[in-house]
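> Fold the following.
(one chain, ligands or ions: 1)
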Amino acid sequence: MQPLYEREELAAITGGPLRPGGLELTGKLLHHSGLAPGATVLDLGCGSGFSLELLIRVYRLVAVGIDPSPLLLAQAGRRAPQATLLQATAQALPCIDGSFAGVVCECVLSLTGDVHLVIREMHRVLRSGGVLLLSDVYAHEKGRFSTSPRATSCVNSTVTLAMMTQALRAADFELLHFWECTDILKQLAGQIIFDYGSLGAFWNVILGQATGQCTHDCTRTGVKLGYYALVAQKR
Ligand SMILES: C[S@@+](CC[C@H](N)C(=O)[O-])C[C@H]1O[C@@H](n2cnc3c(N)ncnc32)[C@H](O)[C@@H]1O
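Model prediction:
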């Protein structure tokens, strides 16, 4: 089944970027990044290219976008034609060591299934002193969601904040800024309920049938979700 982030319904709810927080959250991260115009930045899991366009047009950065989805890369190419685009996954970046001043990674880490490996890869491709701009879903308790293979979304392999910050430390990143952003997740859920009547009704549209049970219903798993944004620096 087509992943949630490739579905038009998600972009219609968020107004573009395929995640909570929109370009406002990207702008906040960039504001605290210290990245100067002309710096080379990787948008890892760039999706349909909304952040790439912002990086290039507003912040005057040189941007590279990587994503495994040919569909989303094609959209990114139309939205940000000046960006260099590569089809690859975060687990094995086709980039030489130390090639970027910044890595932007928005709502992607939780899809990869291996936080330690991906954070090490991001560390590898950053130059010394380079910055990682990260935002994602987190779980309040350790545990994985028992999601349907028919519905891939950012809650698939969500980790706790402790697991994520431990992976940052293990890779030798220094945490510079951290923001608790769970309110934007609540806003997105509210928007979905406003548009569809309930979260279950939305998932039934995405899953293509009235299943009567929602595999992403957090109350069923007992795992509460949150959202964070952070800036970390490669030592
Ligand atoms: C929730 S969307 C976010 C897209 C974009 N960052 C944005 O803010 O609009 C998740 C993105 O991660 C990409 N993705 C999924 N698995 C990935 C992986 N293993 N490595 C890199 N990107 C991945 C998807 O194709 C999708 O574009």
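
> and this structure, which residues reach the ligand?
Residues of the chain lying near the ligand by C-beta under 6 Å from any ligand atom: 5, 17-19, 45-47, 50-51, 67-69, 72, 89-91, 106-108, 111-112, 154. Bear in mind the C-beta positions are built from the backbone N, C-alpha and C, glycine included.

> Can you show me the strands along this protein?
Ranges of strands within the chain are 40-44, 62-67, 84-87, 100-106, 126-139, 173-180, 225-234, based on DSSP state E.

> Next, format those as a markdown table and append mean pLDDT.
Output for these, formatted as a markdown table (pLDDT from 0 to 100):
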| stretch | mean pLDDT |
| --- | --- |
| strand 40-44 | 98 |
| strand 62-67 | 98 |
| strand 84-87 | 98 |
| strand 100-106 | 98 |
| strand 126-139 | 97 |
| strand 173-180 | 98 |
| strand 225-234 | 97 |
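
> could you dump the ones you listed to a markdown table with mean neighbour count and distance to A76?
Output for the strands of the chain, formatted as a markdown table (neighbours: other C-beta atoms under 10 Å; distance: least, C-beta to C-beta, whole Å):
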| stretch | mean neighbour count | distance to A76 |
| --- | --- | --- |
| strand 40-44 | 26 | 9 |
| strand 62-67 | 24 | 5 |
| strand 84-87 | 16 | 6 |
| strand 100-106 | 25 | 13 |
| strand 126-139 | 22 | 17 |
| strand 173-180 | 15 | 26 |
| strand 225-234 | 21 | 21 |
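
> In the chain, where is pLDDT below threshold?
Applying pLDDT under 70 to the chain flags residues 142-156, 209-222.

> All the helices of it, in order from the start?
8-14, 22-31, 50-57, 70-79, 109-112, 115-125, 161-170, 182-196, 199-207, 218-221 (DSSP state H).

> among these, which is nearest G98?
Of all the helices of the chain, it is helix 115-125 that lies closest to G98, at 7.2 Å by C-beta to C-beta.

> Can you pull out the residues in contact with the closest one?
Under the contact criterion C-beta atoms under 8 Å, 6 or more residues apart in numbering, helix 115-125 has outside partners 42, 44, 90-93, 95-100, 103, 105, 109, 112, 132, 159, 163-164, 167-168, 170-173, 234.

> middle-most residue in this structure, spatially?
C107 (1.6 Å; C-alpha atoms, centre = their mean).

> Would you confirm that that one contacts L18?
Yes - counting by C-beta atoms under 8 Å, L18 is a contact partner of C107 at 7.1 Å.

> Quick one: buried ones out of the contacts of helix 115-125?
For these, a neighbour count by 16 or more other C-beta atoms under 10 Å gives the buried set as 42, 44, 90, 93, 95, 100, 103, 105, 109, 112, 132, 159, 164, 167-168, 171, 173, 234.

> Share the number of residues neighbouring the closest residue to the ligand within the chain, please.
For the chain and the ligand, the shortest gap (C-beta to the nearest ligand atom) falls at G47, measuring 2.7 Å. Neighbours of G47 under the rule other C-beta atoms under 10 Å: 28.

> Please give me every residue in contact with it.
Neighbouring residues of G47 by C-beta under 8 Å, 6+ apart: 5, 17-18, 67, 69, 72, 75-76.
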